[in-house]
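Have a look at this prediction, sequence included:
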Amino acid sequence: MNRGKNNKQSKKKNTKKREVDLFPALKNTVDGDRYGYINKDGEVIIPFKFTRAYDFNEFGLAIIKENNKFGIIDIKGNYNVNPQFDNINPYKEGRAIYTEKSKMGVLDEKGNKLRDVVYDYIGNYNDGYAVVAKMNGKSSKYGYIDLDGKEITEVKYMHANDFNDGFGLIKIKDREFALIDTQGNISNTYNFEYVGSYGEDLMVFSILLGGPYGYINRDGEIVISPIYCDAKGFNDGVAVVSRSNNNIICTHGVIDKLGRQIYGEIYSDIKHLGEGKIALGLPIGDNSIFPRSIYAIGDSLGTLLTKFIYLNIGMYINGLSYGSDDKKTFFLDRYGRIVKNLPMVDGSGELRAKGGIIHANIDYSPYYLDKNNKFIYQPNKEFPLDKKYSLIIDKYKPNINYLIYIPQVKGIHDENVEKEVNSKLRKISFYIPAKEEVIDNEPNIIEDQVLSYNYYGNFQILFYKDNSLIIDLLGYYYSLGAVNGTPIRKTCAIDLLTGRFYKLKDLFKSDTNWRAILNKIISGFIENDPSYEYVFPGSFKGISESQDFYIDKDNLYIYYPPYKIGPYSAGVITFKIPFTQIEDYLNSQGDFYKKFNG
């Protein structure tokens, strides 16, 4: 028996596993999202104080985030590991990968660090082993560690894939790949341009750079000729392959281990669902190059179990999956049929049976139901700013792919002012892509329209004090086929007594050349501060009339969206300007300054 299997079995013997009936729950607050834990009856057991919270695992531990750091708590809410890490991945095989100061390490099932296990990269464990990497200048070298953090190979390879079925696939050098066993011994080598996706004794390979692709076995023999523009690894005895009919559009099909066609290459998308099930997608909408899909469920033997009626389908777990159409989300049985005696909910997202209750994550809102479709817990849709004002979370979803949560203020003494403030917040919250029709200041989006983009919007409160509110209206726009989406941000500074939305000019004395000093300061940042070296040369044209900005007690922040003055990778580019640097220009007796800094 190999060392890896002995190692895995010894860990299991010494680990006490348990089922924990506590569930992470969300509460909306003036300080943002806060998470705590409830029991099966919806009673709050661990208070809402975390900014992120994950399920308790089989060891009675849960990963949380507080004060921008990750830690681990036990079932009483006590810290097993204080919040100190930049990230902690969910536990897998009794191990969690953490990130701390740009380095990565491993936590065991009790939350203890594995000593002397520090790398530039560590992947999640699979089959008892994890890929690790060390940076060497601009290149990386890869290897593997076991559950104790011991290296089973030197960290010296050009690349390494997760262990699967007792082997790890490595790249030794260009045109030389190998399978490595759990002892760190090379089982066989393969001299091809590309080898990848080992599983079920087969690997994807190509003779030429960029394909076409086929399959070889562990002995390096060609089993399926390289004829595909893309090929995925085998799962449940089948693999997804693709052909190109015009060098632009790839259509997908499914083959068995002999290369026989299970489903023809006619589909726009195919997904493995687990437990021998496959989601088969046909194109819908006008985007022929990057289409959306409508799905049916088939099995790995080639039997189509359903019609093409689902817009989203989840993985199968213990014979259950979930699916969505354009209005509802529901459970699916092993034959792809809607389960009538389990909840069906409005909206799109995920449904899972968890600890005897139902967890729903629908339209980015997590909540819990019993099996009779009654709420056990759901997040509040209104929260107080103070004793006078509150914010209502108004959901706007005209289409499955367009969703915004819009803030609406409640409690303004003058009903007309309240109506005006909320109308303006609503209007600013909308994102209207180019060529989209507008009716009554709203995007004209039809419910069954197949959009060529996704849009999700929400908000966060930056500051509130004595009738004065600064709120960020945030969004994310993604055009199908794009490499990246576009973050959207609009900040509103509002006087809730008068309903006034302040502009940047309201912060300054009208008889000063405040624009010139801001332009000079920002130009200085760009020219002299290395942290702004990514700004496109000549892209900063000066402060505009509609300049995006926000303030806190001590600083002014000027910001620009991605692509405006810098690359997407730079994100929202922000310049922080202390008030002390511009105090001669500030209208310190003006309403704006006094309300937010008085």
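Received it, and whenever you're ready, just let me know what you need.

in the stretch 351-500 of the chain, which spans are strands?
Under the criterion DSSP state E, counting those that start in this stretch, the stretch 351-500 of the chain contains strands at 357-362, 365-369, 375-377, 382-384, 390-399, 402-410, 438-439, 442-443, 453-465, 468-479, 486-495, 500-501.

Of these, give the one that comes closest to residue 175.
strand 468-479 (37.0 Å; C-beta to C-beta). Using the backbone N, CA and C atoms, a C-beta is placed for each residue, glycine as well.

what's next to that closest one, contact-wise?
Applying C-beta atoms under 8 Å, 6 or more residues apart in numbering, the contact partners of strand 468-479 are 385, 389, 404, 407, 409, 425, 428-429, 431, 433, 452-464, 485-496, 550-551, 595-596.

7 Å instead, please
407, 428-429, 431, 433, 452-463, 485-496, 550, 595-596 (C-beta atoms under 7 Å, 6 or more residues apart in numbering).

rewinding a little: next, format the strands of the stretch 351-500 of the chain as a markdown table and append mean pLDDT and mean neighbour count.
Shown next, in a markdown table, are those (pLDDT from 0 to 100; neighbours: other C-beta atoms under 10 Å):
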| stretch | mean pLDDT | mean neighbour count |
| --- | --- | --- |
| strand 357-362 | 97 | 19 |
| strand 365-369 | 97 | 18 |
| strand 375-377 | 97 | 17 |
| strand 382-384 | 97 | 14 |
| strand 390-399 | 97 | 16 |
| strand 402-410 | 97 | 20 |
| strand 438-439 | 66 | 9 |
| strand 442-443 | 76 | 16 |
| strand 453-465 | 95 | 18 |
| strand 468-479 | 95 | 19 |
| strand 486-495 | 94 | 19 |
| strand 500-501 | 96 | 16 |
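
Turn the ones you listed into a markdown table, columns for distance to residue 198.
Below are these laid out as a markdown table (distance: least, C-beta to C-beta, whole Å):
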| stretch | distance to residue 198 |
| --- | --- |
| strand 357-362 | 33 |
| strand 365-369 | 36 |
| strand 375-377 | 43 |
| strand 382-384 | 50 |
| strand 390-399 | 41 |
| strand 402-410 | 39 |
| strand 438-439 | 52 |
| strand 442-443 | 47 |
| strand 453-465 | 33 |
| strand 468-479 | 32 |
| strand 486-495 | 37 |
| strand 500-501 | 58 |
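
Would you mind saying which of these lies nearest residue 118?
Judging the strands of the stretch 351-500 of the chain by C-beta to C-beta, what sits closest to residue 118 is strand 486-495, at 32.7 Å.

The closest one pairs with which strands, and in what direction?
Taking DSSP bridges as the criterion, strand 486-495 sits next to strand 468-479 (antiparallel), strand 500-501 (antiparallel) in its sheet.

Now do the first one against strand 453-465, angle only.
In this case it means strand 468-479. Per axes from the mean of the first three to the mean of the last three C-alpha atoms, to 10 degrees, the angle that strand 468-479 makes with strand 453-465 is 170 degrees.

Would you mind writing the CA trace of strand 468-479 as CSV?
Provided in CSV are the C-alpha atoms of strand 468-479 (Å, rounded to 0.1, in the frame of the first residue of the first chain):
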residue,chain,number,x,y,z
SER,A,468,-26.3,63.3,6.0
LEU,A,469,-25.9,60.1,3.8
ILE,A,470,-23.1,59.1,1.5
ILE,A,471,-24.0,55.9,-0.5
ASP,A,472,-22.3,54.0,-3.2
LEU,A,473,-24.4,52.6,-6.0
LEU,A,474,-22.4,49.7,-7.3
GLY,A,475,-22.8,47.4,-10.3
TYR,A,476,-21.1,44.9,-12.6
TYR,A,477,-21.8,44.8,-16.3
TYR,A,478,-20.6,41.8,-18.4
SER,A,479,-21.0,41.5,-22.1
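
That strand: how far from the chain's middle?
17 Å (C-alpha atoms, centre = their mean, to the nearest Å).

What mean pLDDT does stretch 523-530 get?
Per-residue pLDDT over stretch 523-530 has a mean of 94.

And the contacts of it?
So stretch 523-530 is in contact with 532, 535, 540, 575, going by C-beta under 7 Å, 6+ apart.

Quick one, which of the strands of the stretch 351-500 of the chain gets closest to residue 507.
strand 486-495 (9.0 Å).

so how far is stretch 145-158 from its chain's centroid?
The answer for stretch 145-158 is 29 Å, by C-alpha atoms, centre = their mean.

Dump it to CSV, keeping only the CA atoms.
C-alpha atoms of stretch 145-158 as CSV (Å, rounded to 0.1, in the frame of the first residue of the first chain):
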residue,chain,number,x,y,z
ILE,A,145,2.9,17.8,-0.8
ASP,A,146,1.0,15.2,1.2
LEU,A,147,-1.6,15.8,4.0
ASP,A,148,1.3,16.3,6.5
GLY,A,149,2.8,19.0,4.3
LYS,A,150,5.8,16.8,3.3
GLU,A,151,7.0,17.1,-0.3
ILE,A,152,6.7,13.8,-2.2
THR,A,153,8.7,15.3,-5.1
GLU,A,154,11.2,18.2,-5.5
VAL,A,155,9.5,21.4,-6.4
LYS,A,156,11.1,21.6,-9.8
TYR,A,157,8.6,21.0,-12.6
MET,A,158,7.3,23.5,-15.2
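
which parts of it are buried?
Within stretch 145-158, the residues scored as buried using 16 or more other C-beta atoms under 10 Å are 145-147, 149, 152-153, 155, 157.

Other residues contacting stretch 321-329?
273, 309-315, 330-332, 344-351, 362, 400, 447-448.

same question, stretch 149-164
Taking C-beta under 7 Å, 6+ apart as the rule, stretch 149-164 contacts 106, 114, 117, 123, 126-127, 129, 131-132, 134, 141-146, 168-173, 180, 182-184, 196, 198-199.

ends of it, how far apart?
18 Å (C-alpha to C-alpha, to the nearest Å).
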